[in-house]
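Asker: predicted structure and sequence below. I'll ask about it afterward.
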Amino acid sequence: MSLIRWPETLSAATLRRHPALQVAAAGLIALCLLHPQRAGAAPGDRPTGAEIFDATITYAEKRQTGLRAWQYYSTFTSRQYDDDGAIVGKGAWRTLVRPGERDSVQVLSEKREGKLTFVEDKPDAGKDGKAKRDAEREDEKSRPRTIAEAARKYGLRDRYTWTRLADETVGGEKVFVVQFEPRPGYAAKNREERFMNQLAGKMWVSQEDFSAVKVAATLRSPYRLFWILARVTEFELTYELPPTRGDRLLRLTRAHVKTSIALPFNKVHQQHWLAVEKYEPRTARKE
């Protein structure tokens with residue numbers, strides 16, 4: 001399922017330097033994972049919210065297998081704003097992504113202007129820089145590549161309650177609507193899980209094949225980062241599969257994250273967009 005692909009598009013180095021993207025990636029993972037022991041359960045004629053979620057993940061795993069023969073181009077765009085809403089910095093990264101591979105992301109181009117907090121102007125150099133890059137590579141290796149791997153790592157199946165709401169129609173497609181909320185008092189072992197415990201929202205799931213055609217999530221209360229005095233005060237996430245008449249396996253996707261981070265002397269307001277633009281048969285990576 002393409003929900004997993006935004007975290008895949010962001011390198012470990014980028015995530016380390018960008019706490020707003022850390023929580024964005026964690027949020028996307030939280031929305032699309034399932035405890036593997038529950039996967040594969042077929043929904044009944046009147047599936048519950050949890051059964052719809054289960055079927056969505058089963059579809060996601062099949063789709064992920066189908067994408068092994070494909071690669072896609074995507075553009076990641078960032079904007080930073082001052083307190084009055086004026087743009088003070090912007091950036092765009094175009095990438096070629098081969099889903100499932102360890103070094104899955106190949107950066108094709110990068111443009112930056114102005115101030116983008118948490119994004120370094122140039123790579124680290126020297127002995128200290130090499131050590132940092134080596135540590136980032138090890139961190140990258142530990143990141144889950146598949147839904148099943150992530151589910152084992154985070155144990156997310158029971159982290160949320162899944163409540164079915166009234167069915168709707170999105171882009172001409174009949175969908176189930178499922179609301180998710182974190183279970184009160186659910187244990188959190190690390191920063192990512194603490195963030196997930198503050199996330200709530202809705203999923204719109206196709207009644208045809210159980211693909212998630214839309215997701216919306218928000219942070220229920222401010223979330224403290226690894227810095228003592230830094231807090232995420234605003235987090236909004238939306239994800240969409242635009243309508244298509246072509247191959248449903250190769251549906252294009254859009255995602256948007258809006259964040260505000262309170263620092264000791266100022267606030268950092270940012271928005272980030274990801275657009276998957278084109279699929280093609282997979283080729284070997286060329287450096």
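Answerer: Structure received. Numbers count the residues shown, from 1 in each chain.
Asker: so what pLDDT did the closest residue in space to Thr244 that isn't next to it in sequence get?
Answerer: Nearest residue to Thr244 in three dimensions, chain neighbours excluded: Arg251, at 5.2 Å (Cβ to Cβ, 6 or more residues apart in numbering). For the C-beta atoms, the positions are set from N, CA and C on the backbone; glycine is no exception. In this prediction, Arg251 carries a pLDDT score of 87.
Asker: what's around Arg251, how many residues?
Answerer: When neighbours are counted by other Cβ atoms under 10 Å, Arg251 registers 17.
Asker: residues in contact with it?
Answerer: By Cβ atoms under 8 Å, 6 or more residues apart in numbering, the contact set of Arg251 is Ser2, Ser211, Leu241, Pro242, Thr244.
Asker: quick check: phi and psi on the fourth one?
Answerer: The reference is to Pro242. phi -60, psi 150 (degrees, to the nearest 10).
Asker: how about the contacts made by it?
Answerer: Gly171, Arg251, Leu252, Thr253, Arg254.
Asker: the last one contacts Val215, correct?
Answerer: No: contact criterion Cβ atoms under 8 Å: Arg254 and Val215 do not qualify, at 11.2 Å.
Asker: in a markdown table: the contacts of Arg251, plus pLDDT, distance to Phe76 and secondary structure.
Answerer: Converted to a markdown table, the contacts of Arg251 look like this (pLDDT from 0 to 100; distance: Cβ to Cβ, whole Å; DSSP: H, G, I helix; E, B strand; the rest coil):
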| residue | pLDDT | distance to Phe76 | secondary structure |
| --- | --- | --- | --- |
| Ser2 | 32 | 14 | helix |
| Ser211 | 89 | 22 | coil |
| Leu241 | 88 | 18 | coil |
| Pro242 | 84 | 18 | coil |
| Thr244 | 75 | 22 | coil |
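Asker: could you identify which of these has the most neighbours?
Answerer: Most surrounded of the contacts of Arg251: other Cβ under 10 Å gives Ser2, at 26 neighbours.
Asker: by contact count, what packs against the longest strand belonging to the chain?
Answerer: Ranked by residue count and defined by DSSP state E, the top strand of the chain is strand 267-281. Counting contacts by 3 or more Cβ pairs under 8 Å, 6 or more residues apart in numbering; DSSP states H and E, strand 267-281 packs against helix 5-9, helix 19-32, strand 70-81, strand 254-262.
Asker: change it to 6 Å
Answerer: strand 70-81, strand 254-262 (3 or more Cβ pairs under 6 Å, 6 or more residues apart in numbering; DSSP states H and E).
Asker: and the contacts of Arg251, which is closest to Thr163?
Answerer: Closest approach between those and Thr163, by Cβ to Cβ: Ser211, at 19.9 Å.
Asker: perfect, I'm done here.
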